[in-house]
Each structure stands twice: as structure tokens, then as C-alpha cells.
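1. turn this into a structure:
(one chain, ligands or ions: 1)
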Amino acid sequence: MAVVRIPEENRSLSDAGGVAAYLATRGIDYERWAPGDRGLTAGATADAILRAYSDKIDQLKAQGGYVTADVIDVNPATPHLDAMLARFNAEHWHDEDEVRLIVEGRGLFHIHPADGGPVFAIEVEAGDLIRVPRGTHHWFDLCSDRRIRAIRLFQDVSGWTPHYTNSGADKGFQPLCFGPQYFPPSPAGA
Ligand SMILES: [Fe+2]
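-> The predicted model follows:
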């Protein structure tokens, strides 16, 4: 289940309805897609993942005009991981949608709305499907475990190049993930 945080308003959303409703107002599609039992074992190949989720992938392709899908697999042992992450943790946008169905691990999107609304963070985990529309200013960080495996869908692979804004907006936000172990502090006296 994704968590949305809006630092400027000092608030968080963690209930499915609230998360989806907030993101919808910001033009971002969010869907909770239970990982479920798709017959996948730990260490399943990318092809096995694509086969296991083929019904969902086909549905998304039909809805969004996506023509191809792949699996991105990042872990602490990934070669040149820091260089890879540096491509995405600075504010940027793409000519096509950024669609991710998280299969394993976690990650953190920050969204910088074009209408001047507050920057907000979306922490995604396995079973979350997110679509960040083309042109949306955003940046992405891994969580401290540096692990994510996600199905990506593309309208045109060549279009998925980051265009950097160089706004510096990304510098003002901590890439904080709380993860499943996080429990908000109890109210005083509780
Ligand atoms: Fe991106």
C-alpha cells in the first residue's frame, strides 16, 4: 500500500481510498494491485514476471497505448547503481507516461505539480501500480534497502529520456522512506 506525504502541509495519507483520491486530483493514476500468488518464486526471471502478469500488462497496453514492457531489477549489487540513481533523483520529466507496477521492494517518487501545489512524495511498494503522466515534473529515489523490481510500460522506448529541469526543487526534500516497519509515534499521553 502506497503512502503519500505532503511535507508542506505536514500530513500523510496511508488509506487506499485516500491515497487514490489525492493522487487522482493530481492527475496520477494509482491502483492497488495485490501481488497475489502468481506462481512466482524469489529470483524469478524477467520473462517469468512478464508472463505471470501478462493479463495485467495487456490490459494496461490497451488502456494507455503502451507498446512494450520490461522489468527493471535494482539491488545493492547492481553495477554502477549510484550513477544509475543519479539519473533519476534530480527533477525531470519525460515525453511519455512513467508507468510502474512494483513487484518487489520499494521506492519513492516526488511529484512537483505544475499548478504550484505542494510537492508530495509517494512511497510505493510491491503491489502498487502508478502512472505518472508525461510532462509531470518528478524525481525518484530508492529506499535505504536499495531494492526495487518493477514492470515498466512504454509508449515509445526512445521517448523515455529524462529531461532535467535543473530547478533545484529536489534539493529541498529528504528521500525518506518509512517502510512496513514504520509506525507513527503515539499521541502524547496515549
Ligand atoms: Fe522519471
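2. just checking, Leu153 is part of a helix?
-> No - counting by DSSP: H, G, I helix; E, B strand; the rest coil, one finds Leu153 to be strand, located in no helix.
3. residue boundaries of the strands in the protein?
-> 3-6, 11-13, 29-32, 68-74, 92-93, 98-112, 120-125, 128-132, 137-142, 148-154, 163-164 (DSSP state E).
4. can you list those strands in CSV and add mean neighbour count?
-> No exception for glycine: its C-beta is placed from N, CA and C like everyone else's. Rendered in CSV, the data for the strands of the chain read as follows (neighbours: other CB atoms under 10 Å):
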stretch, mean neighbour count
strand 3-6, 20
strand 11-13, 16
strand 29-32, 17
strand 68-74, 16
strand 92-93, 20
strand 98-112, 22
strand 120-125, 23
strand 128-132, 22
strand 137-142, 22
strand 148-154, 21
strand 163-164, 12
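5. reformat those strands as a markdown table; add mean pLDDT and distance to Ala20.
-> Formatted as a markdown table, the strands of the chain follow (pLDDT from 0 to 100; distance: least, CB to CB, whole Å):
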| stretch | mean pLDDT | distance to Ala20 |
| --- | --- | --- |
| strand 3-6 | 95 | 10 |
| strand 11-13 | 94 | 9 |
| strand 29-32 | 93 | 5 |
| strand 68-74 | 94 | 23 |
| strand 92-93 | 96 | 23 |
| strand 98-112 | 95 | 15 |
| strand 120-125 | 96 | 11 |
| strand 128-132 | 95 | 10 |
| strand 137-142 | 96 | 18 |
| strand 148-154 | 95 | 19 |
| strand 163-164 | 96 | 28 |
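6. for Lys171, which of those is the nearest?
-> strand 137-142 (10.1 Å; CB to CB).
7. got the angle for the closest one vs strand 120-125?
-> 40 degrees (axes from the mean of the first three to the mean of the last three CA atoms, to 10 degrees).
8. and strand 137-142, what does it pack onto?
-> strand 92-93, strand 98-112 (3 or more CB pairs under 8 Å, 6 or more residues apart in numbering; DSSP states H and E).
9. let's see it at 10 Å
-> Here strand 137-142 touches helix 81-86, strand 92-93, strand 98-112, strand 120-125, going by 3 or more CB pairs under 10 Å, 6 or more residues apart in numbering; DSSP states H and E.
10. out of the ones you listed, flag the one nearest Tyr22.
-> Tyr22 lies closest to strand 120-125 among these, at 7.8 Å (CB to CB).
11. strands paired with the closest one, and their directions?
-> Strand 120-125 pairs in its sheet with strand 3-6 (antiparallel), strand 98-112 (antiparallel), by DSSP bridges.
12. those strands: which one's closest to Asp29?
-> Comparing the strands paired with strand 120-125 by CB to CB, strand 98-112 comes nearest, at 8.6 Å.
13. ok so, going back, make JSON lines from the strands of the chain and add distance to Gly179 to it.
-> As requested, the strands of the chain are arranged in JSON lines below (distance: least, CB to CB, whole Å):
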{"stretch": "strand 3-6", "distance to Gly179": "9"}
{"stretch": "strand 11-13", "distance to Gly179": "14"}
{"stretch": "strand 29-32", "distance to Gly179": "17"}
{"stretch": "strand 68-74", "distance to Gly179": "16"}
{"stretch": "strand 92-93", "distance to Gly179": "25"}
{"stretch": "strand 98-112", "distance to Gly179": "6"}
{"stretch": "strand 120-125", "distance to Gly179": "8"}
{"stretch": "strand 128-132", "distance to Gly179": "13"}
{"stretch": "strand 137-142", "distance to Gly179": "12"}
{"stretch": "strand 148-154", "distance to Gly179": "13"}
{"stretch": "strand 163-164", "distance to Gly179": "29"}
